[in-house]
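Colleague: What follows is a protein structure lacking sequence information:
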DNA sequence: TTCGTTTATCGTCGAATAACGATATTGGTG
DNA sequence: CACCAATATCGTTATTCGACGATAAACGAA
């Protein structure tokens, strides 16, 4: 039940895809550790070119995992916690699923 | 704490990558719904060519999200629940994180 | 208006991905 | 041994990804 219902496999895969790169994991953890959001210090932190980081941020924004709020000349990024709930639910469902038959494979006929 | 410690961003990204395709999500849900494991009925279920499904299964096995046990001429696949715990932890950490400043962006100096 | 700072976009390149059909492999059955 | 069924692998093709430098865009400040 919960959030998983009515979420397509495509949507689940899209959420997972946003997490499917070390640099994006890095960015997400950065946004998690800082209570406030960050501007271009993300770039210096992840150690990639500015354009590359911008692209990763674009992907994260497209997946709606992070949001960007324009401030001065900078942009403040924040995590969108709700967006990842469907994937969280799926993982929880798997993690809590019990193996009904230990050892026996394919419900031996 | 918990499982997240000592897991690199690369490993987290690799787990996410295994989930980053609709067909693989489909396969995982299939293995979740069936208590026992499945053979080639995965192929007919996902509606792609046998070789394509085999490739997705290879990716899932490489990521250690599923395991394959050879039986007859068939192979029995099962979910490896433990493998995804690091990603589950990260998602839980994000989901449970509170936004300390509402509205205010970038900890206004 | 001009300047400087920050971020986004563009163009390019090599590498990886996804999909397929065809073929190889494996191992029990007749 | 020859056969059959189930998987895996190979070769190919089109698409996407990741990274970079260069450049554009936005906008407050001087």
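Modeller: On my side now, so go ahead. Remember, it's a predicted structure, so these values are computed and weren't measured experimentally.
Colleague: Who are the packing partners of the lowest-mean-pLDDT helix or strand in chain A?
Modeller: Least confident helix or strand, chain A: strand A:66-70 with a mean of 89, by mean pLDDT, DSSP states H and E. Judged by 3 or more CB pairs under 8 Å, 6 or more residues apart in numbering or on different chains; DSSP states H and E, the packing partners of strand A:66-70 are helix A:22-33, helix A:50-62, strand A:75-79. C-beta coordinates here come from the backbone N, C-alpha and C atoms, glycine included.
Colleague: closest one to DNA strand D among those?
Modeller: helix A:50-62 (3.2 Å; CB to the nearest atom of the strand).
Colleague: The closest one and DNA strand C, are they touching?
Modeller: Yes: interface with DNA strand C: helix A:50-62 contributes A:50, A:51, A:54, A:55, A:57, A:58 (CB under 7 Å from any atom of the strand).
Colleague: Compare those residues and tell me which has the most neighbours.
Modeller: Most neighbours among those, by other CB atoms under 10 Å in any protein chain shown: residue A:57, with 19 neighbours.
Colleague: Counting neighbours, what do you get for the residue lying closest to residue A:59 once chain neighbours are set aside?
Modeller: Spatial nearest neighbour of residue A:59, chain neighbours left out: residue A:18 (6.4 Å); criterion: CB to CB, 6 or more residues apart in numbering or on different chains. Residues contacting residue A:18 under the criterion other CB under 10 Å number 24.
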